[in-house]
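>>> got a predicted structure plus its sequence, pasted below:
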Amino acid sequence: MKAANRLGEVAGRLLPQVPQDRLAWLAALLTMVELLLLPFVIHLDGKPHADWEQFLGRFHPLAVHLPIGLLLLVPVLELMGEMRPALREAAGFVLMLACAAAIGSLALGFLLAHGGGESGAMVTRHMWGAIALSVGLLLCLLARPSWYSGTVRFAYPATLAFSLVALIWTADQGGSITHGGSYLTQYMPAPMKRLFGHAEADSGSFYATQIHPILDANCISCHGAGKTEGGLRLDSFSALMQGGKDGAVITPGKPEKSLLLERVTLPSTDKHAMPADGRTPLKPLQIEWIRAWIQQGASPTVAILTGISLPQKRKEPPPQPVGDWSALMPQIRAMQKGLGAKLVPMSSNPSDGLVLQTADNPSSFGDAQLAQLQLFAPYIVEAELGRTAVTDACFDTLAKFMNLRALHLEDTAVSGAALAKLKPLSQLVYLNLSGTKITQASLAPLSSMSNLHHIYLFNTPAQPAADTTSVQSASGNSR
Amino acid sequence: MKQHPLCTDCECEPNVMDLPVPSGLKREWATIETRRNFLGRSGKVLGWAALASLLGERGLKGDAHAADVPNAAGATARQDLLLPNFAPKAKRAIYLFMSGGPAQMDLWDYKPHLASLYDKDLPDSVRGNQQLTGMTTGQARFPIAPSHWTFKQYGQTGTFVSDLLPYTSKMVDDLAIVKSTNTDAINHEPAIMLMNTGNMNAGKPCLGSWLAYGLGSMNDNLPTFIVLQTKLNWKENNQPVSSRLWSSGFLSSEYAGVGLRSGGDPVLFLSDPAGVDRNVRRKMLDAVEEINRQTLAEIGDPETNARIAQYEMAYRMQSSVPELVDMSKEPQSTWDLYGPDAKEPGTFAYNCLLARRMAERGVRFTQIYKRGWDMHDNVTGLMPMLCGETDRGCYALVTDLKRRGLLDDTLVIWAGEFGRTVYSQGGLSHENYGRDHHPRCYTTWMAGGGVRPGITFGETDDYSYNVVKDPVHVRDFNATILHCLGIDHNKLTFKFQGLDQKLTGPVPASVVQGLLA
């Protein structure tokens, strides 16, 4: 009872006593009602309307800075007015200008959205923010005289504070529409980002290694820093999660409710299909990955998704330098004359090693000839013994080629019984056994050689059945 | 009395150095004289080539201890080039040359948007200031001819390929497809010269010769650089392909491509004639060599060395070529893969199989020419014919190399000299159209050693007329090929006409990093 009495008392003091001022009150209240009803009377239906609306509307981004500046000036003037009363008198006038400018900008903005057929969550939020701001400013105008005269002290500061908060929020929404949601945070220092909860994806995560590259290659030419169609940016994890004018594009755990997935799976004839304008659609596999990633929580950190096997990108070990063999040149030369084989440098850098070539006369190069190369063993990185006369005995010598990376034994008589002797060759990456009598069983000892990724078994008993004529898949004969 | 410089009096020898000629010319004569004397003294060694192999890569720099370093890549490469510059990804290359200019928008460059623009005029803004050939300058309009064929997505990469390539489309995941290749020339001869030699004018060495010169041979019994021509199909519009394209230009003619014949014996007179056995042949060649050496000593023309080397190569080829072309030991899986065409010498499929066999035997560079892609009219009639001849061979070659473990260090290149226009040359109907030459963009592909598999590089505009992203000029294309083979294109040079000549020419070229594995 007491509180109600007090409220009535305050309202009585707020209300003006002079008849002209009552008229102003009426006008302000009427404007507020009109502003609040506007979106219900004229719908933002997402369809473009008259060109003149857009013509005028496009001045909105320009005009909008006027009320911002003016409104920010008001509290400054009010506070400075403590010292210089003239400034406080000016504050009232500036507030009136700010209010007029805000309503004007709102009108232009509405024309822009209505004329250009803009709709969607972000535009709607921006609009309601602007309406709240305008209403707040009108209330400021109404509350200020009684604050100035000292009758009601709290109403004006409260409405002004409300207006300032509404201003900041609305401006942020507007900025997100034009520049994209992550414009401000993009270059934020990482510790600060964590503080604000703007998580960025881990570098080894599924997002960073698979999803981001897909978006990067297909989407960011229109949804990136340069061009931000629909207020949507896809060039960072936070921007992706923030969404665009139509709201979030990713709903973690719910691929069917994720706009991004919906758009990329539309038939290319649909005008909403993405990537737009006849650009190459995403590949089925990529869509599958995006779906699985959303389904399993759209996490920025998870590295492995269940049910998704990525093509294994193996890191081949960097070639080990083999040392300088230049001092052995006289011996190499003598060997080349006698054996009919060549030892040629891999490149102009001696430590890249030597390649053993036997193509000149393969049939006369056998185990005995190979055994004579022991002196050069540490420097030989590649042995081309394909189509030579070597047999299983060659593995005794080859076991000493400790820097060997590639071994060609295709179309030779090796049977595989002694393949285990290759085990010490830790650098071996490539082993070609095509056209030999190697069996699957004899390959078992090789499974412990971690760097040996390329084993070729074409035309051998060890060859997996049914791929004699068909193409091998990407993994094919290599493990 | 002073003798006239050219007086033929036997008492005093004439001396051209006394002639009133510019001193610069005399200096040049003097250097020739020195080289002549030097070669004369080189006596028993097999000319430059053998000398080089004895001296080794540091020999020419005067390092006595290292004088025996073997050449990085066989006997005949220039030692002071220090090649390969870095460890190569590919040791050899096979170049499938589609002479005439395949139409990119009918094979690779998918433009679904064009279907709605049938018979509309190509906008002037797209055509820009592009020079036209004499065949279409008179045309009143440039009506857009959408591709007659449908495109589908293939492989894990989902690459769009036309229905014309049912086989090649199966291996898109192995290819690096370059949609933005572009050239400067609009007519066949300059364009094909530019593609092969880096210059529109004849006289420069081609890619294969540069490789032979720079990297040398891996098998002394076979040529380093072999050219295979595909038998002509007279229904197609065949543009001439001449030996200028595999010429060694200003390099020694040892480095020129050796053409194998497309019909009958691959090399004529391979067998010794009746009554001449290997010994007699050897003695005859030794005698010829002796005579050639005398000529070399007298005249000092390095081409004499090339002649000596070529006689020797021919002798060795007498035994190596019959083995090379004997396909009787090929397993059934080979014929299943390459198809029935491969049994007939001279077909594209046969040449592809031969190229695989040469890769196994250490031939550094093989170039297969397929003519007939010049489709000024009747695209819908010719395209299936050409693709039918080449599609399976391309697929079989890459697949065969891959399953045999050879694709790891073999680079396969598929390219023509330019592309074709999106607008129709001559009449356009729903059934047929023609396409003129187009230099601004065309599609090529590479596969194998050093190249990133399963990518499409570069983009063209909606009309497949201009490159809009990542252009790859011919010189960049060639620089990239050299890079895969361990060569810095700026370092493989030869001094000629006062310039350090190189394959990529004087305009700076760049290796296309996006294509590299």
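Received, thanks. What you see is a predicted model, and the numbers here were worked out from it, not measured in a lab.
>>> check which residues of stretch A:440-450 are buried.
Residues A:Ser442, A:Leu443, A:Leu446, A:Met449 are the ones in stretch A:440-450 that count as buried (16 or more other Cβ atoms under 10 Å in any protein chain shown). (C-beta placed from N, C-alpha, C; glycine too.)
>>> can you put those residues in JSON lines and add pLDDT?
Listed next are these as JSON lines, based on pLDDT from 0 to 100:
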{"residue": "A:Ser442", "pLDDT": "87"}
{"residue": "A:Leu443", "pLDDT": "87"}
{"residue": "A:Leu446", "pLDDT": "87"}
{"residue": "A:Met449", "pLDDT": "86"}
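>>> including distance to chain B and secondary structure, could those residues go into JSON lines?
Conversion of these to JSON lines gives the following (distance: Cβ to the nearest Cβ, whole Å; DSSP: H, G, I helix; E, B strand; the rest coil):
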{"residue": "A:Ser442", "distance to chain B": "18", "secondary structure": "helix"}
{"residue": "A:Leu443", "distance to chain B": "15", "secondary structure": "helix"}
{"residue": "A:Leu446", "distance to chain B": "15", "secondary structure": "helix"}
{"residue": "A:Met449", "distance to chain B": "16", "secondary structure": "coil"}
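>>> for the stretch 351-500 of chain B, which spans come out with low pLDDT?
By pLDDT under 70, the stretch 351-500 of chain B contains no weakly predicted segment.
>>> I meant to write chain A there.
Using pLDDT under 70, chain A drops low at A:1-2, A:16-17, A:19, A:180-182, A:185-186, A:190-191, A:193-204, A:225-226, A:307-316, A:464-479.
>>> domains of it?
A:2-179, A:193-295, A:326-456 (automatic domain parsing).
>>> starting at the chain centroid, how far to the longest one?
Read that as domain A:2-179. 38 Å (Cα atoms, centre = their mean, to the nearest Å).
>>> what does the shortest one give?
Chain-centre distance of domain A:193-295: 8 Å, with Cα atoms, centre = their mean.
>>> is chain B contacted by it?
Yes: when contact is scored as Cβ under 8 Å from any Cβ of the partner chain, part of domain A:193-295 falls within range of chain B: A:Ser268, A:Gly278, A:Thr280, A:Leu282, A:Lys283, A:Pro284, A:Leu285, A:Gln286.
>>> out of the residues you listed, who's nearest chain B?
Nearest to chain B among the residues of domain A:193-295 next to chain B, counting by Cβ to the nearest Cβ, is A:Lys283 at 3.2 Å.
>>> what sits closest to B:Glu236 if chain neighbours are left out?
B:Gly372 (3.0 Å; Cβ to Cβ, 6 or more residues apart in numbering or on different chains).
>>> what's that neighbour sitting at in phi/psi?
When read as degrees, to the nearest 10, the backbone of B:Gly372 gives phi 110, psi 0.
>>> what is the burial count for it?
For B:Gly372, the tally of surrounding residues (other Cβ atoms under 10 Å in any protein chain shown) stands at 23.
>>> next, the closest residue to A:Leu215 other than its chain neighbours: phi, psi?
Closest residue to A:Leu215 apart from its sequence neighbours, by Cβ to Cβ, 6+ apart: A:Leu234 at 4.4 Å. Per-residue torsions, A:Leu234: phi -120, psi 20 (degrees, to the nearest 10).
>>> name the SS class of A:Leu343, please.
The three-state label given to A:Leu343 by DSSP: H, G, I helix; E, B strand; the rest coil is strand.
>>> same check, this time on B:Lys329
coil.
>>> the stretch 1-150 of chain A: strands as residue ranges?
Remark: no strands are assigned in the stretch 1-150 of chain A by DSSP state E, counting those that start in this stretch.
>>> how about the stretch 351-479 of chain A?
Using DSSP E, counting those that start in this stretch, strands in the stretch 351-479 of chain A cover A:354-357, A:380-384, A:406-408, A:430-432, A:454-456.
>>> what of the stretch 301-450 of chain B?
With DSSP E, counting those that start in this stretch as the criterion, the stretch 301-450 of chain B has strands at B:365-370, B:410-415, B:419-424, B:435-438, B:442-448.
>>> make a markdown table from those and add distance to chain A and mean neighbour count to it.
Rendered in a markdown table, the data for the strands of the stretch 301-450 of chain B read as follows (distance: least, Cβ to the nearest Cβ, whole Å; neighbours: other Cβ atoms under 10 Å in any protein chain shown):
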| stretch | distance to chain A | mean neighbour count |
| --- | --- | --- |
| strand B:365-370 | 14 | 26 |
| strand B:410-415 | 12 | 25 |
| strand B:419-424 | 15 | 28 |
| strand B:435-438 | 21 | 25 |
| strand B:442-448 | 13 | 27 |
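>>> could you dump those into TSV and include distance to B:Gly203?
Converted to TSV, these look like this (distance: least, Cβ to Cβ, whole Å):
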stretch	distance to B:Gly203
strand B:365-370	19
strand B:410-415	22
strand B:419-424	26
strand B:435-438	23
strand B:442-448	25
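>>> closest one to B:Leu132 among those strands?
The minimum distance between B:Leu132 and the strands of the stretch 301-450 of chain B falls on strand B:435-438, with 7.2 Å, by Cβ to Cβ.
>>> sorry, back to before: identify the farthest-apart pair in the residues of domain A:193-295 next to chain B.
Of all pairs in the residues of domain A:193-295 next to chain B, the most separated under Cβ to Cβ is A:Gly278 and A:Leu285 at 21.0 Å.
>>> distance check, the residue nearest to B:Glu236 against chain A.
Remark: distance between B:Gly372 and chain A (Cβ to the nearest Cβ, to the nearest Å) = 27 Å.
>>> list the contacts for that residue?
B:Gly372 sits next to B:Ser99, B:Gly100, B:Leu232, B:Asn233, B:Glu236, B:Asn237, B:Asn238, B:Leu382, B:Met385, B:Leu386 when contact means Cβ atoms under 8 Å, 6 or more residues apart in numbering or on different chains.
>>> ok, of these, which come out buried?
Those of these that meet the buried threshold are B:Ser99, B:Gly100, B:Asn233, B:Glu236, B:Asn238, B:Leu382, B:Leu386, by 16+ other Cβ under 10 Å.
>>> does the second one touch B:Asp374 like I think?
Pointing back at B:Gly100 there. Yes: contact criterion Cβ atoms under 8 Å: B:Gly100 and B:Asp374 qualify, at 3.5 Å.
>>> re earlier: and of the strands of the stretch 351-479 of chain A, who's closest to chain B?
The nearest among the strands of the stretch 351-479 of chain A, by Cβ to the nearest Cβ, is strand A:454-456 at 3.2 Å.
>>> quick check: which helices or strands does the closest one pack against?
Judged by 3 or more Cβ pairs under 8 Å, 6 or more residues apart in numbering or on different chains; DSSP states H and E, strand A:454-456 is in contact with strand A:430-432.
>>> tell me what the strand it packs on is packed against?
When contacts are defined as 3+ Cβ pairs under 8 Å, 6+ apart, strand A:430-432 packs onto strand A:406-408, strand A:454-456.
>>> so can I have a markdown table of these showing distance to B:Glu189?
Listed next are the helices and strands packed on strand A:430-432 as a markdown table, based on distance: least, Cβ to Cβ, whole Å:
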| stretch | distance to B:Glu189 |
| --- | --- |
| strand A:406-408 | 41 |
| strand A:454-456 | 42 |
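>>> out of those strands, which comes closest to A:Glu118?
Across those, closest to A:Glu118 is strand A:454-456 (Cβ to Cβ), at 55.8 Å.
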